[in-house]
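>>> model the following, please.
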Amino acid sequence: MSDRDRDRAFAEYFAARSSAMRATAFLLCGDWHRAEDLTQSAFTKLYLRWNRVQRHESLDPYLRRVLISSFIDEGRWGWWRRERPHDARIEHAADPEPSEDRVTLMRALAQVPPRQRAVLVLRYWQDLSVEETAAALGCTAGTVKSQAARGLETLRTLVAHPVTAD
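Residues are numbered from 1 along each chain as shown. Sure, this is the predicted structure:
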């Protein structure tokens, strides 16, 4: 495959999947700017390995795993260690005003520990099976089940007794 063909194939994949990956990243981190950074980082890592990816039908699971690993590593090492952008705003298409329930849920989800949050996003937002979630996170199905149970319990507690921002 020539460089031009490789770049064209990658650009097509990016155009088709970047919005979905950015939405997943947003659910993980709760911030559109960080979601953009996580998505860009994941696609950059994919591009660097593009020629070595043997099966292009497995791109979504691979990219999702890179995205989640980046998110979890960021939580471990702190996103504040990265470069800080200046005050320029990233313009997004106007989204409808979120409902009060959605805002409450997003605030609660942001307080769930990162691994549990990743499991909840993959299982209940991405609608992945237990096995697919385990593959994306590089863990066992049992770990996914226990993290999902803990994450749902945490989420229920947070939604039932929301912490209000003063």
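>>> quick check: longest helix of the protein.
When the chain is scanned for its longest helix (criterion: DSSP state H), the result is helix 3-29.
>>> which parts of that one are buried?
For helix 3-29, the neighbour count (16 or more other C-beta atoms under 10 Å) marks 10, 13, 17-18, 21-22, 24-29 as buried. Glycine gets a C-beta too; all of them are placed from N, C-alpha and C.
>>> could those residues go into a markdown table alongside distance to residue 44 and pLDDT?
As requested, the buried residues of helix 3-29 are exported to a markdown table (distance: C-beta to C-beta, whole Å; pLDDT from 0 to 100):
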| residue | distance to residue 44 | pLDDT |
| --- | --- | --- |
| 10 | 11 | 90 |
| 13 | 13 | 92 |
| 17 | 14 | 92 |
| 18 | 12 | 94 |
| 21 | 12 | 94 |
| 22 | 14 | 94 |
| 24 | 16 | 92 |
| 25 | 13 | 92 |
| 26 | 18 | 92 |
| 27 | 21 | 90 |
| 28 | 17 | 90 |
| 29 | 17 | 89 |
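>>> ok, the residues you listed vs residue 147, which is closest?
Within these, the smallest distance to residue 147 is 13.8 Å, found for residue 28 (C-beta to C-beta).
>>> I'd say the closest one and residue 120 touch.
No: between residue 28 and residue 120 there is no contact under C-beta atoms under 8 Å: 9.6 Å.
>>> tell me the contacts of the residue nearest the centre of the chain?
With distances taken as C-alpha atoms, centre = their mean, residue 25 lies nearest the centre of the chain, 2.8 Å away. Neighbour list for residue 25: 34-36, 38-39, 42, 67, 71 [criterion: C-beta atoms under 8 Å, 6 or more residues apart in numbering].
>>> looking at the next helix or strand after the longest helix of the chain now, give me its mean pLDDT.
Where DSSP states H and E defines the elements, the next helix or strand beyond helix 3-29 is helix 32-48. Helix 32-48 shows a mean pLDDT of 92.
>>> mind checking how far helix 32-48 is from the chain centre?
On the basis of C-alpha atoms, centre = their mean, to the nearest Å, helix 32-48 is displaced by 10 Å from the centre of the chain it belongs to.
>>> any idea how far residue 104 is from residue 127?
Note on residue 127: its distance to residue 104, by C-beta to C-beta, to the nearest Å, is 22 Å.
>>> cool, and residue 21?
Per C-beta to C-beta, residue 21 is found 25 Å from residue 104.
>>> now swap in residue 147 and tell me
Taken as C-beta to C-beta, the span from residue 147 to residue 104 is 22 Å.
>>> same drill for the two, tell me which one is more crowded.
Between residue 147 and residue 104, counted using other C-beta atoms under 10 Å, residue 147 has the larger neighbour count: 23 against 14.
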